[in-house]
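Novice: missing the sequence, but the structure's below:
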């Protein structure tokens, strides 16, 4: 009986020590670099996030040089975001910008400054340029009301905005729309 009592007491003490250490928060030491980042609650560098469909195929991919998360408003600031969105027939649309802001509440990504869009699998389709682009990441659609310029080998098209549905591979330009022929001299 004595051996059982000692074993039970020893097992209880061990369980208490393990549980206290398990639930005790770990100590995190912030480096000077981490404290100078602003009021972000955490950040990532060299980020790559992939989203998969239920079939196992990649639906979209977001990569960035840096991403800072702000807990109070639940959004992330993104430096040099690069997004790849796959269409239903697996054509890849690539979008890039200098900066972006991702709202985690609405799953909307706003891209700003030097925003570019093109089909990754074909260079002949040209490149679309605009100042800002709002992407609904859940539905893979995008829009802008800023000027849009599409340049390819022989033409330049200018529009006052656009709506894109990447899954269906559709881009609808908003008027007025003007296309001019360019020379390759």
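Specialist: Yep, it's here. What you are looking at is a predicted structure, and each value in this text was computed from that prediction instead of being measured.
Novice: what's next to the helix or strand hosting residue 65, contact-wise?
Specialist: In the assignment (DSSP states H and E), residue 65 maps to strand 58-70. If you take C-beta atoms under 8 Å, 6 or more residues apart in numbering as the criterion, strand 58-70 is touched by 37-53, 75-86, 100, 102, 109, 137, 140. C-beta: built from backbone N, CA, C; applies to glycine.
Novice: give me that answer again for 7 Å
Specialist: By C-beta atoms under 7 Å, 6 or more residues apart in numbering, the residues outside strand 58-70 that reach it are 37, 39-53, 76-86, 137, 140.
Novice: got a list of what residue 50 touches?
Specialist: Residue 50 neighbours (C-beta under 7 Å, 6+ apart): 58, 61.
Novice: does it sit in a helix or strand, and which one?
Specialist: strand 42-52.
Novice: residues of that strand that come out buried?
Specialist: 43, 47 (16 or more other C-beta atoms under 10 Å).
Novice: in this protein, which helix or strand is least confident?
Specialist: In the chain, no helix or strand scores lower on mean pLDDT, DSSP states H and E than helix 32-35, which sits at a mean of 44.
Novice: how about the helices in the protein?
Specialist: In the chain, the helices defined using DSSP state H lie at 2-23, 32-35.
Novice: weakest of those by average pLDDT?
Specialist: Per-stretch mean pLDDT for the helices of the chain is lowest at helix 32-35 (a mean of 44).
Novice: the most centrally placed residue in the chain bridge partners, please.
Specialist: Central residue of the chain (C-alpha atoms, centre = their mean): residue 62, 4.1 Å from the mean position. Residues in a beta bridge with residue 62, per DSSP bridges, are residue 49, residue 83.
Novice: before we move on, the earlier item: pull out the buried positions in the strand holding residue 65.
Specialist: Buried, per 16+ other C-beta under 10 Å, within strand 58-70: 59-64, 66-68, 70.
Novice: low-confidence ranges, this protein, go.
Specialist: Counting by pLDDT under 70, the ranges of the chain that qualify are 1-38, 121-125, 184-185.
Novice: swap the cut-off to 80 and go again
Specialist: 1-38, 88-90, 120-125, 183-185 (pLDDT under 80).
Novice: what lies in contact with stretch 135-155?
Specialist: With C-beta under 7 Å, 6+ apart, stretch 135-155 has contacts from 60, 83, 85, 107-109, 111, 124-134, 156-167, 173, 179-182, 184.
Novice: just the residues you listed: which are in strands?
Specialist: Cross-referencing the contacts of stretch 135-155 against strands under DSSP state E gives 60, 83, 85, 108-109, 111, 127-134, 156-159, 161-165, 173, 179-181.
Novice: buried subset of the residues you listed?
Specialist: Of the ones in strands among the contacts of stretch 135-155, these count as buried by 16+ other C-beta under 10 Å: 60, 83, 85, 108-109, 111, 128, 130, 133, 157, 159, 161-162, 164, 173.
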